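Engineer: Dropping a prediction and its sequence here:
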Amino acid sequence: MITVYGDPISGNCYKLTLILALTGRQHRWVDIDVVKGEARSAEFLLKNPNGRVPLVAFEDGTFLAESNAALFFFAQNSRYWPTDSRIQAEVLQWMFFEQYSHEPFIATSRFWIRFLQARQEYARQLAAAQPKGYAALDVMEGQLNRTPWLVGNDTSIADIALFAYTHRAHEGDFSLASYPAIRDWIERLQRLPDFVAMPA
């Protein structure tokens with residue numbers, strides 16, 4: 001059976017929790033506490049030298065790191081990965097956007113505040129992240145005013161990738177009050193069959 005190493009309240013790890021639930025994929029989960037440094041242990045670094053979670057371990061002893069790569073793997077042959085190559089490219093476009101324009105500001109702010117409990121220590125960095133995080137939310141709001149999902153009329157792993165941290169943006173001091181299309185999108189995603197919530 002495939003094993004997933006992850007921290008349950010990490011957005012990147014939650015992406016895999018969600019796609020595995022939505023696709024009904026059997027797996028074993030092993031908790032890794034990032035704040036306690038468990039991803040940097042000598043034992044874990046043998047599995048992933050980059051010292052990050054989530055990490056997928058296959059039965060043949062090989063590993064797959066990076067949340068969006070694992071999302072792609074688990075979405076194969078499901079409704080969450082399109083068959084048209086142009087639409088596939090658009091899904092990837094949003095997943096790259098998530099890693100470059102969204103996650104560094106919204107997710108990182110959440111990490112400093114929620115995980116490290118270090119709001120004062122990171123006050124300058126948090127302030128600098130605000131305009132960039134809101135710029136990413138503006139882009140999403142614009143798209144979701146045009147289409148129900150980030151790539152047209154069908155749910156995809158683009159939505160799962162961006163849902164993970166967007167629906168917890170308030171934990172990084174980002175308000176969604178001015179983003180009705182994003183709020184509606186969050187509610188639609190939460191109504192998907194077999195949806196599971198991130199632990200509180």
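Structural biologist: That came in fine, so what should we check first?
Engineer: mind giving me the domain ranges of the protein?
Structural biologist: 3-75, 85-190 (automatic domain parsing).
Engineer: could those domains go into JSON lines alongside mean pLDDT, distance to Ala200 and mean neighbour count?
Structural biologist: For every residue, glycine as well, the C-beta is placed using N, CA and C. Shown next, in JSON lines, are these (pLDDT from 0 to 100; distance: least, CB to CB, whole Å; neighbours: other CB atoms under 10 Å):
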{"stretch": "domain 3-75", "mean pLDDT": "96", "distance to Ala200": "8", "mean neighbour count": "17"}
{"stretch": "domain 85-190", "mean pLDDT": "97", "distance to Ala200": "10", "mean neighbour count": "17"}
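Engineer: Reformat those as TSV; add distance to Pro199.
Structural biologist: As requested, the domains of the chain are exported to TSV (distance: least, CB to CB, whole Å):
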stretch	distance to Pro199
domain 3-75	5
domain 85-190	11
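Engineer: Mind checking the ones you listed for the one nearest to Val196?
Structural biologist: domain 3-75 (4.4 Å; CB to CB).
Engineer: which is the next helix or strand following the longest helix along the chain?
Structural biologist: Using DSSP state H to define each element, the chain has its longest helix at helix 123-146. Per DSSP states H and E, the first helix or strand lying C-terminal to helix 123-146 is helix 157-166.
Engineer: which secondary structure elements does the following helix or strand past that next one contact?
Structural biologist: Sequence-wise, the next helix or strand downstream of helix 157-166 (DSSP H and E) is helix 180-190. Counting contacts by 3 or more CB pairs under 8 Å, 6 or more residues apart in numbering; DSSP states H and E, helix 180-190 packs against helix 123-146, helix 157-166.
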